[in-house]
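S.K.: okay, structure incoming, though there's no sequence with it:
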């Protein structure tokens, strides 16, 4: 069973790592992937061994709140804490006068004698404490979550902030009492000592700067879900449904399978379905990325969230609710956001032990400075700086933000990536294998050539008259080709399995079929053998026609190559990627298609069940990874066994389920573009991880004061808080660069 569980209280990768560890310990849990950005977890488990409630309890035991989708609205109405923007405004309002009073004397700013550090020391300290209290209160979330996580032995970023700011405040309160004692005993040296080393402003500044970072981070992360929000907004809220012979407007969520829906020009398609009356053009650009509208008529399928342009139609609802295209897209994007690329595993492993190590380093730092003869104030400041500068926000955001942006960007271009691991594999692909029919070719045979012995019109009319009685794909192609010709009346129609068809026209027996059939009928086709051979060498199927013993000519039929196939393969070659065509057709047809699209190789005469073996063989032969592109049911095993499976949306549901990437539009150029984009994403993730690691490697020693003995350089807690916040914003901003359109030649 797979279920999405919403989680509140996570702030960094250490949080998500502790949640995953807690849930994976449960018996029957197969996988648990936390999406830090979306604040949820996709969990796959055996419902016979564990339940959703067990999972929720495990999350809560780890120090976080959890709830299922059904309880989402009531839970999200409020968590008892004010939002980042309000917290930030209130914090700044109290921080400004606090900083003015605490540090104004350093810059010779005008200050009332009432707040003077020497003349009225108690008021000077007490006022700072009172101004700090509102900042502590509005940011109390850090303390609730931070200490709760610490008590549950899964400390996180909030723990570092909570411990650091708490230490500063507790010391400040101690200094307040010591100042009051010194003032009452007129011990001016004691008063001067404690009033010059207060940390109220540091605690308030830490909380405010962290909130600034969280506010900017939230705004940036909000942009990563733009594509999902836009897609969701495409779905109409209501629909006109025919009930009991009358047209009634109902909420789109109440549509059931089989309902007849009326769609007028300009209206959006509420669910997936089939046109049963009328014809129109439909704008599917938001789902497929295709700029031109698609013409639709009776029997054609419609996708939810596409826009009806110019015709009034009636459609039958086939897929509703979570089964619609729009819902599946959103579900795929959410699951992909929760999945993890292999490149992120290092960050996850480090995050799991990072916070305890940092707390230990901060404690050791303070002890070392005390042993070196420094004051308690100095040692405390160094310890707090280490705690604050080390918050692993950037480390936790490095991968999920880039992945989420990539999903959104790809979805808006008509490419759905189902798994984060597929993104990482894209840049390692060295071979792309294409199924021929329906992938490289259109999958619909069409007439390409007509070779008549004498009368071309007679050949076509006879062929159309015969083939109009058959349901064979080749017959349909010939019938469509001659649709403007009035056929002869036929009698005694008969299909000869594996050979052709026959019927009586105007009292004469007429025939259509392959070379073997003509030879059995003793029809002389020698005059067209060279032509037929030429057709076959180009991947075309020659169909012979005769009236009694008189040979009329040949009509060549072929499954024509898609316009995008040759260009897509050319682009793959420019990336030094090998291309292979895989087909069950004979070698002549396979080689003909290979030449048309300039592929590197063509593997022919492959049975449906053997495609998977071909993929496995290529994987063993090549240094890089192998991608498989297909659309049919028989492609599913190959798509699944390939390193990256790519399915065309017009293909079978089984093929789509087996693939890692889905092309919403029938354009193979999306493949080389997606591979290039995958390289950009991995490069972006590596940049994020590098700077996140580099920041901590540089920041922790600096905060601990390694440069202080030689150069007198040390980070104050306030500077450490600013640096920590900026690092998170930097990582998110770098990931957002993926939204920019770049030339694929990079």
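M.R.: Perfect, I can see it now. In this text, all values refer to a predicted model and were calculated from it rather than measured experimentally.

S.K.: so where's the stretch 451-600 of the chain uncertain?
M.R.: Along the stretch 451-600 of the chain, the parts satisfying pLDDT under 70 run over 498.

S.K.: which stretches in it count as helices?
M.R.: Listed in chain order, the helices of the stretch 451-600 of the chain (DSSP state H, counting those that start in this stretch) span residues 456-467, 473-481, 515-520, 529-537, 563-574, 587-597.

S.K.: closest to residue 62 out of these?
M.R.: Smallest distance to residue 62 across these (Cβ to Cβ): 45.8 Å, for helix 563-574. The C-beta positions use only the backbone N, C-alpha and C, and glycine is treated the same way.

S.K.: follow-up on the earlier one: indicate which one of the helices of the stretch 451-600 of the chain is closest to residue 194.
M.R.: Taking these one by one with Cβ to Cβ, helix 563-574 is closest: 70.5 Å.

S.K.: need the contact list for residue 714.
M.R.: Contact partners of residue 714, counting by Cβ atoms under 8 Å, 6 or more residues apart in numbering, are 381, 382, 385, 702, 703, 705, 707, 708.

S.K.: do the same with residue 522
M.R.: Residue 522 makes contact with residue 549 under the criterion Cβ under 8 Å, 6+ apart.

S.K.: do you know how far it is from residue 548?
M.R.: Relative to residue 548, residue 522 is positioned 11 Å away (Cβ to Cβ, to the nearest Å).

S.K.: please apply the same query to residue 148.
M.R.: From residue 148 across to residue 548, the span is 93 Å (Cβ to Cβ).

S.K.: the more surrounded of those two?
M.R.: residue 148 (20 against 10; other Cβ atoms under 10 Å).

S.K.: number of nearby residues for residue 258?
M.R.: Each residue near residue 258 was counted by other Cβ under 10 Å, and the total is 10.

S.K.: ok, it touching residue 319?
M.R.: No. With contact taken as Cβ atoms under 8 Å, residue 258 and residue 319 are classed as non-touching, separated by 11.2 Å.

S.K.: residues in contact with the closest residue in space to residue 504 that isn't next to it in sequence?
M.R.: Spatial nearest neighbour of residue 504, chain neighbours left out: residue 491 (4.4 Å); criterion: Cβ to Cβ, 6 or more residues apart in numbering. Residue 491 makes contacts with 503, 504, 505, as judged by Cβ under 8 Å, 6+ apart.

S.K.: how about residue 328?
M.R.: When contacts are counted by Cβ under 8 Å, 6+ apart, residue 328 is found next to residue 322.

S.K.: any idea which element it lies in?
M.R.: Element membership of residue 328, judged by DSSP states H and E, is helix 325-338.

S.K.: what about the closest residue to residue 110 other than its chain neighbours, how many residues close to it?
M.R.: Spatial nearest neighbour of residue 110, excluding adjacent residues (Cβ to Cβ, 6+ apart): residue 104 at 7.8 Å. Counted with other Cβ under 10 Å, residues neighbouring residue 104 total 15.

S.K.: how near is the spatially most central residue of the chain to residue 673?
M.R.: Nearest to the mean C-alpha position of the chain, counting by Cα atoms, centre = their mean, stands residue 407 at 2.7 Å. Here residue 407 is placed at a distance of 15 Å from residue 673 (Cβ to Cβ).

S.K.: great, nothing more from me.
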